[in-house]
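Enquirer: Need coordinates for the below:
(2 chains)
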Amino acid sequence: MTQTPLLKVNDVSKFYGSRIGCRNVSFELWPGEVLAIVGESGSGKTTLLSCLSTRLMPSSGIVEYHMRDGQYRDLARMGEAERRFLMRTDWGFVHQNPADGLRMTVSAGANVGERLMAVGDRHYGNIRATAADWLRRVEIEEDRIDDQPRSFSGGMRQRLQIARNLVTSPRLVFMDEPTGGLDVSVQARLLDLVRGLVHDLGLSAIIVTHDLAVARLLSHRMMVMKDGLVIEQGLTDRVLDDPREPYTQLLVSSILQV
Amino acid sequence: MATPLVVSEVAKSFTMHLRDGIRLPVVNGVSFSVKKGECVVLGGPSGVGKSSILKMLYGNYAVDAGQILIEHQGHLVDLAHAAPRAVLEVRRDTLGYVSQFLRVVPRVSALDVVAEPLLARGVEQAAAREKASELLAKLNLPRALWQLPPATFSGGEQQRVNIARGFITDHAILLLDEPTASLDATNRRVVVEMIAAKKAEGVALLGIFHDEEVRDAVADRVLDVSAFSPRKVAA
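Expert: Predicted coordinates:
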C-alpha cells in the first residue's frame, strides 16, 4: 500500500485553565476511513474535535494535514486566511444544530451555492444546477430550492447542512453529533444517506457521537474517551463486541435492546 | 503455495469488569490450519468456544495470545496483531464471514445488501446486482422480496440473504457460523451444493454446523474444540 495518512495527530492536549479538555491524544486518519469518537458528555470528545478542526488551538501537540499538493502542513502554523480556505473547500463541518452550520435567512440553493463560490465558481446557471443536484442527493424536493431553511423541518435542515458541506468535494468531514436532535425515524434516513455518501465519495470522516448504534453503522474504527483520555480504540465491531476496558464495557452494556 | 489459514497457540479470555473483574477463560492453545479446497468443521458441545474462535479469526474478538496467519495477496498477515485498516483490507479481499444473524441497515434493499461486498471491491453496480440476483434466485428467495430491506424478513429469509452476501465474492477463506440453522431441507441442500462449489474452487472453509446431515455432507474433517477448552484441562 502506498497510501499515506490524511491527518496525523501527535500527542494533542487541551487544558481550560487547570481543567483538562483532552489529553495526549495521538492517531492517524487514512483516506476513506471513518473514525467515531464516543464517550459521555464531558469526556472531551467535542474538545478533541475542535482541536482537530482548528476551531480551538491545542495547548500542546501537533495536528498535521496532508494537503492536495502532497505536503503535510502543521495546522497551528497555518495562516488564518489559508485555514479558512481549507475549511471552506477541502473540509466540511457538520454541526449538531443545523442553525450553526447554515445561513438561515438565505435560500437553500444559496446555502449550497455559497461554498461553490468559495472555490471560484461564478456561473450562476452552473451553481444553481449543482445546488439542485445536491438537494436531490440529500432527498430535498427541488422546488424547495428558493425557500429559506427556516421553513424546513429539523431533518431537512440537517440534510441541507450535509449538502452544503459536501458540494465542494471535501476530503475530510467533521461531524459533531449529526443525528443528535432528530427523531429516530429521521435519524435512520440521515444515517443511511451519510453512509451512502461517505462510501460513494470515498470521504474520510471523524464523527463525534454518544450513540453507539450510530458509531456501529457509520464508522470503521472507533476511539472511546473518558475524562479527556482515549481509553480504548480499535476496529468498531471489535470494540463493541469485545470491549476490554471497564468503562467501555459499561457503555456497551448500557445500550437498551429493542 | 502457502496454506491460506494457520492458527497457532491462540488463547482468549473475557474479563468482566462489571462483575468484580471475573476472568472467564474461553479457549487455550488453539492450533490448526485449513488447506485450500478443504472444509474444516468446528465440533464440540455448546459454549465450548466455537463461535468465539470464528470471531477471533474475523477480527471481531481480540486475541490474548498466539497468531492467526492469513495469506493475503501473496504475503502473510497476522490478524491477531494487525491494525484495524489491515483487518478491513483482509476482510474486503480475502476473508469472508457468514454470521448467524444478519445485521440489517435501515432502507437498504436485500439485493443491495448482497451486492455490497462486490461494490466495496470496485465492481460495477449493474454487474454486482446481477450476481446478487443469481445467488438470491439460487437460494429460492422470492423475487418480490429483493427490493425490500430485510428487517421484516423471516429468520430463514434473512439467513439466505446473509449466505448470498457471504458467498458472492471469490474470497480465498470463508468462515461459516451455522449458515443452515433456520433453513428448510431444500435450501439446506442448496447451501451444501454451494459449499461444494467453493471447495472445488480451492476456497478454504471453516464452519460450525449443528445439523449432522449437513456436517457429514460438507466436512473433510471435524476439529473437536473441547480439546482447547481450559475447563476441560482443569477437570
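Enquirer: For the residue in chain A positioned nearest to chain B, which residues are in contact?
Expert: Proximity of chain A to chain B (Cβ to the nearest Cβ) peaks at residue A:246, 3.5 Å away. C-beta here means a position set from N, CA and C on the backbone, and glycine is covered the same way. Shown in contact with residue A:246 (Cβ atoms under 8 Å, 6 or more residues apart in numbering or on different chains): B:17, B:18.
Enquirer: go on, residue A:233?
Expert: A:27, A:221, A:222, A:223, A:224, A:239 are the contacts of residue A:233 under Cβ under 8 Å, 6+ apart.
Enquirer: Is it possible to get these out as TSV so that each row also shows distance to residue A:16 and pLDDT?
Expert: Shown next, in TSV, are the contacts of residue A:233 (distance: Cβ to Cβ, whole Å; pLDDT from 0 to 100):
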residue	distance to residue A:16	pLDDT
A:27	22	97
A:221	28	96
A:222	25	96
A:223	21	97
A:224	22	97
A:239	28	96
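Enquirer: Show me how to select, in PyMOL, the buried members of these.
Expert: The PyMOL command for the buried members of the contacts of residue A:233 (criterion: 16 or more other Cβ atoms under 10 Å in any protein chain shown) is given here:
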select buried, chain A and resi 27+221+222+223+224+239
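Enquirer: Show me where chain B has its helices.
Expert: B:50-57, B:84-93, B:110-120, B:125-138, B:155-167, B:185-200, B:212-218, B:230-234 (DSSP state H).
Enquirer: Give the rounded mean pLDDT of the longest one.
Expert: Average pLDDT, helix B:185-200: 96.
Enquirer: what bits of the chain have low per-residue confidence?
Expert: You didn't pick a chain, so chain A it is. Residue ranges of chain A with pLDDT under 70: A:1-2, A:257-258.
Enquirer: oops, chain B please
Expert: Using pLDDT under 70, chain B drops low at B:1, B:231-235.
Enquirer: thinking again about what came up before, among the contacts of residue A:233, which are in reach of chain B?
Expert: Counting by Cβ under 8 Å from any Cβ of the partner chain, residue A:221 from these sit close to chain B.
Enquirer: Just the ones of the contacts of residue A:233 in strands?
Expert: A:27, A:221, A:222, A:223, A:224 (DSSP state E).
Enquirer: ok, now how distant is the closest residue to the fourth one other than its chain neighbours from residue B:83?
Expert: The spatially closest residue to residue A:223, leaving aside those adjacent along the chain, is residue A:233, at 4.3 Å (Cβ to Cβ, 6 or more residues apart in numbering or on different chains). Separation of residue A:233 from residue B:83 (Cβ to Cβ, to the nearest Å) stands at 11 Å.
Enquirer: just the contacts of residue A:233 now: which is nearest residue A:130?
Expert: The closest of those to residue A:130 turns out to be residue A:221 (Cβ to Cβ; 32.0 Å).
Enquirer: Return the residues in contact with that closest one.
Expert: A:33, A:34, A:35, A:36, A:233, A:234, A:235, A:236, B:84, B:85.
Enquirer: can I assume the fourth one is in contact with residue A:207?
Expert: Yes - here residue A:36 reaches residue A:207: they are 5.0 Å apart, a contact under Cβ atoms under 8 Å.
Enquirer: who in chain B is up against chain A?
Expert: B:14-18, B:55, B:59-62, B:84-85, B:87-89, B:105-108, B:119.
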